[in-house]
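K.L.:
quick one: sequence and predicted model below, then my questions.
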Amino acid sequence: MENKRSTITDVAKLANVSITTVSRVINKNYPVSEKTAKRVNKAIEELGFRPNLLARSLIQDKTQTIGVLTPSIENLFFSEVIKGIDNFMGSKEYRSFLCNTKGQPDNEREMIDSLLNRSVDGIIVINPRNENIKSGYYEGISKRIPLVIINGYHEGIQCHFVLNDDYAGTKEALMYLKDKGAKRIAFMRGKKSHSYDIKEALYKSFCKKEMDCEPQVLLIEEGNGLETVNQAKECALSFFEKQELSMTMDAILCCNDFMAVGVLNAARINKVVIPEQLAIVGFDNTIVSQITDPPLTTVDHHMSQLGMTAARQMIQLIENEKQDEALPYTKIMVATNLVIRQT
């Protein structure tokens, strides 16, 4: 027969103290003499006692947990952002519930409802769908619980945001390609992403004002999962078939590294010489960009820093909520920079 799980009452009996004293030692919320604390901790160790987190959360009115929503667990951009969140929250003795929405707006709502039912102390959402932001859904959630949104549509939205500077990163990449001698630049993106919308708007303006050429947007279905690589490859192969590449197109700017890998694979199939015939620039600076052949030139989004910044903001919101103080809504921008490699 398995041993019965030890209770706080068992600890109190073994240490010859009250249940209240044991609770004070565990929660460190009231002074207890060093001698008594040692006796209680020894009893806890001997009995293998583990505090009931649910009971503790009811007493303290917090669960020491947060929810994290991501549209993909395959895309290394999101993985690195999550790592930054988890590392910072862990240093504050918080744990994360990870929810993969697969980029579906209905999934976002269902998972947030589930997290609210689990009484998490806050929610961080990475790249939420535009329709949920523009509808006012997230503004409503932010009035109920500390909420931080990483990237996504944010103009006039009353929520706390942590954002990549997509505008500056795109402009630096385009200027680099122009300075390297590119006369025409194509642009590859996936559907339904505010980040891609920002990049595309700047790209089209750049073609008109800086390059004096017609923009060429290559659209693929997905932008986050592993399927992105193959979709980008097929899209690029189709594009190559329709033109004499060396005559009409010098470079392709891709909205993430997965897309850039797909274009690189297509170029290899068509025996296009990189970067002499075609320059390729990705976005994110994931580990993928370092292990391709040749290694990818890409815009570094500083993903871990993005996650840590959001987590730091979340802790501040939680602490202010305890004091019944509302922080003004903030939009924190994280800088980007171009990492020049061999494509």
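P.N.:
Alright, I've got the coordinates.

K.L.:
against Gln64, how distant is Glu210?
P.N.:
Per C-beta to C-beta, to the nearest Å, Glu210 is found 51 Å from Gln64. Placement of C-beta: from N, CA and C, glycine included.

K.L.:
looking at these two, which has the bigger crowd around it?
P.N.:
Between Glu210 and Gln64, Gln64 has the larger neighbour count (other C-beta atoms under 10 Å), namely 16 against 13.

K.L.:
show the pLDDT at the more buried one.
P.N.:
Listed pLDDT for Gln64 reads 88.

K.L.:
would you confirm that it contacts Ser119?
P.N.:
No: using C-beta atoms under 8 Å, Gln64 makes no contact with Ser119, being 10.7 Å away.

K.L.:
need the phi and psi values for the closest residue in space to Val125 that isn't next to it in sequence.
P.N.:
Excluding the flanking residues, the one nearest Val125 by C-beta to C-beta, 6 or more residues apart in numbering is Leu69, at 4.5 Å. Backbone dihedrals for Leu69, given as degrees, to the nearest 10, come out at phi -100, psi 130.

K.L.:
beta partners of Leu69?
P.N.:
Cys99, Val125 (DSSP bridges).

K.L.:
roughly how far does it sit from Leu98?
P.N.:
According to C-beta to C-beta, Leu69 stands 8 Å off from Leu98.

K.L.:
quick one: classify the closest residue to Leu226 other than its chain neighbours as helix, strand or coil.
P.N.:
Nearest residue to Leu226 in three dimensions, chain neighbours excluded: Glu74, at 4.9 Å (C-beta to C-beta, 6+ apart). The three-state assignment at Glu74 reads coil, by DSSP: H, G, I helix; E, B strand; the rest coil.

K.L.:
ok, longest helix in the chain?
P.N.:
Identified as the longest helix of the chain according to DSSP state H is helix 303-322.

K.L.:
tell me the strands beside whichever helix or strand comes after it, with direction?
P.N.:
Once the chain leaves helix 303-322, the next helix or strand it forms, by DSSP states H and E, is strand 331-334. Each strand that pairs with strand 331-334, with its direction, by DSSP bridges: strand 160-164 (parallel).

K.L.:
quick one: contacts of the helix or strand following the partner strand?
P.N.:
Sequence order places helix 166-179 as the next helix or strand after strand 160-164, per DSSP H and E. Residues from elsewhere that reach helix 166-179, judged by C-beta atoms under 8 Å, 6 or more residues apart in numbering: 185, 195, 198-199, 202-203, 206, 210-211, 250-251, 253, 279, 281, 283, 297, 299, 301, 335-338, 340.

K.L.:
give me that answer again for 6 Å
P.N.:
185, 195, 198-199, 202, 206, 251, 253, 279, 281, 299, 336, 338 (C-beta atoms under 6 Å, 6 or more residues apart in numbering).

K.L.:
so Gly90 is in which element?
P.N.:
Going by DSSP H and E, Gly90 is in helix 76-91.

K.L.:
do a quick rundown of the strands in the stretch 101-250 of the chain.
P.N.:
Taking DSSP state E, counting those that start in this stretch, the strands of the stretch 101-250 of the chain run over residues 122-126, 147-150, 160-164, 185-189, 216-219.

K.L.:
tell me the domain boundaries of the chain?
P.N.:
8-51, 65-164+304-334, 166-300 (automatic domain parsing).

K.L.:
average pLDDT across the shortest one?
P.N.:
What that stands for is domain 8-51. Averaged across domain 8-51, pLDDT comes to 84.

K.L.:
likewise the last one?
P.N.:
The average of the pLDDT scores along domain 166-300 is 91.

K.L.:
with stretch 126-134 instead?
P.N.:
Mean pLDDT, stretch 126-134: 93.

K.L.:
how long is it from one end to the other?
P.N.:
Stretch 126-134 has an end-to-end distance of 15 Å (criterion: C-alpha to C-alpha, to the nearest Å).

K.L.:
what residues sit buried inside that stretch?
P.N.:
Using 16 or more other C-beta atoms under 10 Å as the test for burial, stretch 126-134 gives Ile126, Asn127, Pro128, Arg129, Asn132, Ile133.

K.L.:
what's the distance between Ile287 and Met303?
P.N.:
Taking C-beta to C-beta, one finds Ile287 at 11 Å from Met303.

K.L.:
who's more crowded, those two?
P.N.:
Using other C-beta under 10 Å, the more surrounded residue of Ile287 and Met303 is Met303, with 23 against 11.

K.L.:
show me what contacts the residue nearest to Val162 when sequence neighbours are not counted?
P.N.:
Spatial nearest neighbour of Val162, excluding adjacent residues (C-beta to C-beta, 6+ apart): Ala310 at 4.4 Å. By C-beta under 6 Å, 6+ apart, Ala310 lies in contact with Ile124, Val148, Ile150, Val162.

K.L.:
do I have it right that the third one meets Ile126?
P.N.:
Spelled out, it's Ile150. Yes: contact criterion C-beta atoms under 6 Å: Ile150 and Ile126 qualify, at 4.5 Å.

K.L.:
give me the neighbour count for Thr63.
P.N.:
As a burial measure, Thr63 scores 18 neighbours (other C-beta under 10 Å).

K.L.:
ok, it touching Arg118?
P.N.:
No: the criterion here is C-beta under 6 Å, and Thr63 misses it with Arg118 at 7.5 Å.

K.L.:
quick one: the buried residues of stretch 126-134 as a markdown table, columns for distance to Thr292 too.
P.N.:
Shown next, in a markdown table, are those (distance: C-beta to C-beta, whole Å):
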| residue | distance to Thr292 |
| --- | --- |
| Ile126 | 24 |
| Asn127 | 24 |
| Pro128 | 30 |
| Arg129 | 30 |
| Asn132 | 34 |
| Ile133 | 33 |
